[in-house]
Each structure stands twice: as C-alpha cells, then as structure tokens.
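S.K.: Need coordinates for the following:
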Amino acid sequence: MTTRASRHRHAARGRRTGFALLAGVLLVTASCGSSDDDTGDGPSDDSPAATDTAGTDTTDTDTDTDTDTDTAPPVSENAIEENTVDDDADPVAGGTLRYGIEADVDGLNPTTSALSAPGQLMANAVFDNITAFDVDNNAVPYLAETIEPVDGDLSKWQVTLREGITFHDGTPLDAEAVQISFEAQRNDPLIGLGFRPFHPEEGATEIIDEMTLQYNLLEPFASFPAFLATRAGYVASPTWLAATIEDPTLNQQPVGTGPFVFDSRSADSVTRFVRNENWWNGDVHLDAIEFVPVTDPANRNDLLFSGEIDALHTSTAEFVGELLERDDIQNIIDETGEEGFLMVNSELPPFDDIRARQAFTLAAPLAGYRDLFGLGVARPADQMFIPESRFYDPSIVQEGDMPDAAVALAAEYCAERGGEENPLLGIPTCTDGKINIEYQYAGPSAIGTRAVEYWEQGWNVAFNVTRDEVAQDDQIQQAALGQYNATGWRQFGDADPALERVWLLCRNVGVISLNWPRYCDEQRDQLLLEAGALPPDSDERIPLFQQISQNIHDAYTYIFTLHAIWDNAFAEDVRGVCDRTSPDGVALRCALQGYTYHDSVWFAG
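M.R.: Okay, here's the model as predicted:
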C-alpha cells in the first residue's frame, strides 16, 4: 500500500443500541457526493450529492453480516421521532446559533456550486424552495401558491407563485426570476446534469404570465413537485446571478428569499448569516447563524459538549451513539434514507471488467466493517432501501467476505489484462498477480483513515491499493469527472425513489457524470422511466424498484455497507427546530438527512 496523504488516530467510544428514527428524504440531485459518513468512504444527495445534483463508510473482517441488527428498534418508513424538548413557551428573539458542519463547500450558488449536506444546511438559511416536504413526505407548495400538471399531462407542470415576495436585494420574485434561476442551474456544466437530460433543449420552461411558469419535460414524471422540494427548487436572485458572472467571488455571497441574509464568509472557517427582518413567511427568531466546518467528527462532538457550538450534524455511527448517550443533547435522527457504500468507476481499467468488480466486492471484509463501524447503531445495508420500505427485496444480499473467490477472479483478470495500463496510476493494471487500484476518500478524518486501513485488510489478498485522501468537495468533482478507481460514498434515500434516476440513467453518463460509476443499462433505464410515470403511492412501482435493486446488485458497481444514520444534534437550550410550517399552515419536515432548516429556531432563556 502506498499513500498520498495519511492521518491516523484511534478513537474509542461506547456503543449505543437504542435510538430514535426520523423518516428521511434526500433531495434529488443533491445528496450525492458528500464525504460519506465522516468515515471517508463516500462523499452525497440531490445531487453532487450529491451536489445535490450534481449536487452526498467502513470495513470489516468479521463473518456475521447481520451484526447487531436485532438491537435496532423497528423503523416505520415514514415515522418521525425526535427527542427534542417540548416547550410551550413563546419563542423569543435573539442569539447566534453556531452550527458545526462536516466540511466546507466550494461555493453557495445553487446554480453552480456542489452542495453536499453541509452546503444544503447553509443554503437553507438563505434560499427558499418552490415546494417543501411535509411531515408525511408529500411535496406541498412553498414559494409556489399552486403546482399542477397541465390538463393531466405529467410532462408539463405549471407553478403559480405567491404574490409580494422579494429577494434580499429588493428584486421581486416572479416567473421570470424563477425561470432565470432554473435555466442557470440547467445550463451549468455540472449542476445541469440533473436537469438537462430531462427537458427539451429549447423550451424547457415557458412564462405563462407574470407569476406563472410552465416546466416542460421529455417524459411524464409524477414526482416533479418533489423534485422542486430539493436543491432544484432553490430560487436565487436574478440580479445577483447576473453579478456573479461578472464577479465570481460573489458565488460566496448568496442572495435568496430566505429567512437569513448573507453577512460574511471565510472559507474553512466561519460562514455567517443574519436575520431577514422582512421575511415573507413570518418572524425569524435568531439574530444570526454561523456555520463552522469541523472535519473530524470526534472534534465536532467535543465542541458541542463544551458549549463552543450549539448544533452539529454527523453520520458516523460511533459518534451518533455518543450523542445519544447524553441527556443534555437533543437529537433528530434519520436512518431511513441514505446508504453508505463503496463504488467503482466502471469506465476505466481495471473496473471496466466485471471480474475486477466482483473481486473487489468479494474481497471486501464486509461483516467486520459493519460490526466495527456500525456499532449496533447503523444497520447493515444490502440495497438502496431499508427493510421497512415497501420497495425492499429481502432476496437481495450484499456479497463480501469471500477472499478465495476474489483471488481466483483477480488471477483470471491479470492473466488476460494485467499488461494494460491503469490510467490513473500510470502503471500496469496488475503487479505480481494482484490488481492495482487507487482508493479515494474524503478527509482529513481520523475515522476515515481508520476505515480505509480496515478495508485494506481484505482487499490486500487480491489488490495493491494506493490511497488518495482529498477534501470532500474535490472528491465530488473528481467523481463527476471519472477521475477515480474506487471511492466511498453516501447517497440514495430520496423521499420518492423515482428521484434517484439522476444517479442511475445512461443519459447521465458523459464527460461530466452524475451516474458516478458510469454504468449504463438500458433495461434499468426503462424500469426507472416506467416507475417515474406512476403516482408516488402506486403499488405498481414496487416490482419495478425491486428489479432496479437487483440490477444494481448484479452490476457489481456498488458495495452497500450501512444504512447511513444522520444525527442533527442540538444543545438543550435550542428550541423550535421542528416547528416549521408552510405559508398554508402545513407542518413541514424539520430535517432531511444531514441538514435542517432554521426559520423556526430560537434559544430558551
């Protein structure tokens, strides 16, 4: 094993077997890429998840792939549970909420920036969505007053906006502003990959009147309202967007319609927003909110315990368990959405050959990884659905822990193709009968390095592994460009699984790709399009998504590890996190995966 960058620190924490669960949904082009669950095994979301569209980890040696699953309480697919404090007191104004995030992002422009979970969390302060998810995961109007298909045609949708809303710079919100924001997203080389494949090149949107915009799609898509509840539905000021073209530094100073106004930003230090005194949807209680990147999850927890920050997000099971043990911490837990997994680039040698992909899968010390890094808090994952989901297929089981079979496949591959070049490493694909690969992971993170070291214990029987530790936003960009052999990731988990099409369709493979493994299967495409045309509550979707899961398993492009368990944790004096409502009085989701919303938050005296 060779190393580009390496840090190691062993952290031991107690394990936790009981936890509350919050139904999760991920924004469609955004969750994707992130840095996985602080373990460095993956980046995530809608998108390089995720940008979110363009917007998103562990290992083992044990033998019991179901380790500790009996300790986790049953999860209802749409259950919402939280241990936030009940308080009948009226909200009071004042105070600055300091929020610890897992990484910084490359910018805060939703039309050009890769927004993983930390980016979504910050963007939620300054931008509003066209629609929003209610507590039952239905998309309801938010900036929109109504959203309806045109004459029942699910390929044409009209959005009528609410009157009287202005951006922070005084620009009015109208159909033209929404069109400009949407088209800017659609035309971006990376972010646009979540948009362009689904709209005609000309006439993707039409202005019907001053407050009504029509979206035109290439095929029927019943889940389009849910799409606009993701990063795709953020609306940025057209005045600001024009200014960012002339001065790209303004991408760090976002202008939206949201509850907070941009104040200042120092990369990898603090990003600060202050209260919008004239927010269109009611009173904002906090004076300000500050986001502080802390890449090491242990350090993030310590800062919350010491009172130096008031909130954090984490998806590392070890530290979720630690947070849940504390009586003075409020936790909003989401385990029903994203999955942790390893993935490979099927476009480049050696993983353009299914034998190499199979060997990589079978050599993975999966059971031990789940035990050591899941700790009975995060459950083993075999597919992109949790067992409680109606789309879950119990016959699909993630393979691993088969070193002898891996060695045989590697030997067969090397005998035929070992002299070819691995273009990332500039060396032959095989040396001494083992396959040469580069494994990329996000850092710096002590637990991420520990996870990689663990995976290598299994892979070393059939692979020579070179490590590449990169910043989370670089990991997303390199995955989009196909500059990796294997990496860890965190993704899937949208409120509506039809939104996952952005990560899986053949049309999303290109020079820049959101289909991260760059794997194309036309049969899978057809299944995804058929499912997307059906109503979200239709039972006819079930066999279609189960076939999609089987296809993903058989392609050997993903190794599912753990159901990601996100904890959005708050100090005991924070109130109102889950008191959000739409302008029509509908109770809204307060947290999605690794990000929350901030308009209803306040401090108790």
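S.K.: Mind jotting down where the helices sit in the stretch 101-250 of the chain?
M.R.: 117-126, 175-187, 224-227, 238-246 (DSSP state H, counting those that start in this stretch).
S.K.: Please work out which of those helices is packed deepest.
M.R.: Comparing the helices of the stretch 101-250 of the chain by mean neighbour count (mean count of other CB atoms under 10 Å), helix 117-126 ranks first with a mean of 29. Every residue, glycine included, has its C-beta placed from N, CA and C.
S.K.: Show me what counts as buried in stretch 352-359.
M.R.: By neighbour count on 16 or more other CB atoms under 10 Å, the buried set for stretch 352-359 is D352, D353, R355, A356, R357, Q358, A359.
S.K.: from what I can see the last one touches C414, true?
M.R.: No. In this structure, A359 is not within contact of C414 by CB atoms under 8 Å, at 9.8 Å.
S.K.: Can you get me a residue count around R231?
M.R.: Neighbour count for R231, taken as other CB atoms under 10 Å: 35.
S.K.: mind checking pLDDT for the residue lying farthest from the centre of the chain?
M.R.: Distance from the centre of the chain peaks at A415, with 39.0 Å (CA atoms, centre = their mean). pLDDT for A415: 98.
S.K.: so which strand or helix has it?
M.R.: helix 403-417 (DSSP states H and E).
S.K.: Please look at F341 and Y558 and confirm they touch.
M.R.: Yes. Counting by CB under 8 Å, Y558 is a contact partner of F341 at 4.8 Å.
S.K.: sorry, back to before: okay, and the common contacts of A359 and C414?
M.R.: Residues touching both A359 and C414 (CB atoms under 8 Å, 6 or more residues apart in numbering) are I435.
S.K.: hmm, back to that, going by neighbour count, list what's buried in the helix holding A415.
M.R.: P403, A405, A406, V407, L409, A410, A411, Y413, C414, R417.
S.K.: Save those residues as JSON lines, and put in distance to G307 too.
M.R.: Shown next, in JSON lines, are the buried residues of helix 403-417 (distance: CB to CB, whole Å):
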{"residue": "P403", "distance to G307": "48"}
{"residue": "A405", "distance to G307": "52"}
{"residue": "A406", "distance to G307": "48"}
{"residue": "V407", "distance to G307": "52"}
{"residue": "L409", "distance to G307": "53"}
{"residue": "A410", "distance to G307": "52"}
{"residue": "A411", "distance to G307": "57"}
{"residue": "Y413", "distance to G307": "54"}
{"residue": "C414", "distance to G307": "56"}
{"residue": "R417", "distance to G307": "57"}
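S.K.: okay, now V586: neighbour count?
M.R.: With other CB under 10 Å as criterion, V586 counts 17.
S.K.: what's the distance between it and A132?
M.R.: 8 Å (CB to CB, to the nearest Å).
S.K.: The closest residue to L481 other than its chain neighbours is in what secondary structure piece?
M.R.: The shortest distance from L481 to any non-neighbouring residue, by CB to CB, 6 or more residues apart in numbering, is to I512 (6.2 Å). Assigned by DSSP H and E, I512 belongs to no helix or strand.
S.K.: Now do the contacts for I512.
M.R.: By CB under 8 Å, 6+ apart, the contact set of I512 is P189, L190, L193, A480, L481.
S.K.: before we move on, what about T244?
M.R.: N109, T112, L250, N251.
S.K.: And for T361?
M.R.: So T361 contacts E399, G400, A406, Y556, I559 (CB under 8 Å, 6+ apart).
S.K.: again, but for E412
M.R.: E412 neighbours (CB under 8 Å, 6+ apart): R355.
S.K.: Distance of it relative to D353?
M.R.: E412 is 10 Å from D353, by CB to CB.
S.K.: Find the nearest non-adjacent residue to D382, please.
M.R.: Using CB to CB, 6+ apart and skipping residues adjacent in sequence, the residue nearest D382 is Q398, 4.3 Å away.
S.K.: Likewise for G282?
M.R.: D599 (7.3 Å).
S.K.: On the three-state scheme, that neighbour is what?
M.R.: coil (DSSP: H, G, I helix; E, B strand; the rest coil).
S.K.: quick one, phi psi at it?
M.R.: D599 adopts backbone torsions of phi -70, psi -30, taken as degrees, to the nearest 10.
S.K.: surely it meets P259?
M.R.: Yes. Under the criterion of CB under 8 Å, D599 makes contact with P259 at 3.8 Å.
S.K.: more neighbours, the two?
M.R.: P259 (27 against 24).
S.K.: for the more buried one, what are its contacts?
M.R.: A125, R275, N276, W279, N281, V284, H598, D599.
S.K.: Kindly recompute the last result at 6 Å.
M.R.: By CB atoms under 6 Å, 6 or more residues apart in numbering, the contact list for P259 reads N276, W279, V284, D599.
S.K.: Secondary structure and distance to E219 for those residues - can I get that in CSV?
M.R.: Converted to CSV, the contacts of P259 look like this (DSSP: H, G, I helix; E, B strand; the rest coil; distance: CB to CB, whole Å):
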residue, secondary structure, distance to E219
N276, coil, 38
W279, coil, 37
V284, coil, 40
D599, coil, 35
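S.K.: Could you turn the buried ones of the residues you listed into a ChimeraX selection?
M.R.: To isolate the buried members of the contacts of P259 in ChimeraX, using 16+ other CB under 10 Å:
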select :276,279,284,599
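S.K.: Most widely separated two among the contacts of P259?
M.R.: N276 and D599 (9.0 Å; CB to CB).
S.K.: what do the two both touch?
M.R.: With CB under 6 Å, 6+ apart, N276 and D599 have common neighbours P259, V284.
S.K.: picking up where we left off before, what sits against the residue farthest from the centre of the chain?
M.R.: Neighbour list for A415: empty [criterion: CB under 6 Å, 6+ apart].
S.K.: D334: which of the helices of the stretch 101-250 of the chain is closest?
M.R.: With CB to CB as the criterion, D334 lies closest to helix 117-126 of the helices of the stretch 101-250 of the chain, at 10.9 Å.
S.K.: Can you name the residues in contact with the closest one?
M.R.: Contacts for helix 117-126 (CB under 6 Å, 6+ apart): 34, 101-103, 105, 115, 254, 256, 258, 260, 262, 271, 273, 289, 291, 594-595, 597-598.
S.K.: Was I right to think M211 contacts R162?
M.R.: No. When contacts are counted by CB atoms under 6 Å, M211 is not listed as touching R162 (8.1 Å).
S.K.: got the residue ranges for the strands in the stretch 301-450 of the chain?
M.R.: With strands called from DSSP state E, counting those that start in this stretch, the stretch 301-450 of the chain shows them at 311-314, 329-334, 339-344, 421-422, 427-428, 430-431, 434-442.
S.K.: so which of these comes closest to T466?
M.R.: Using CB to CB, the nearest of these to T466 is strand 434-442, at 4.7 Å.
S.K.: can you pull the contacts of the nearest residue to S155 once chain neighbours are set aside?
M.R.: The spatial neighbour of S155 that comes closest, neighbours along the chain excluded (CB to CB, 6+ apart), is L217 at 4.5 Å. L217 makes contact with S155, F198, H199, according to CB under 6 Å, 6+ apart.
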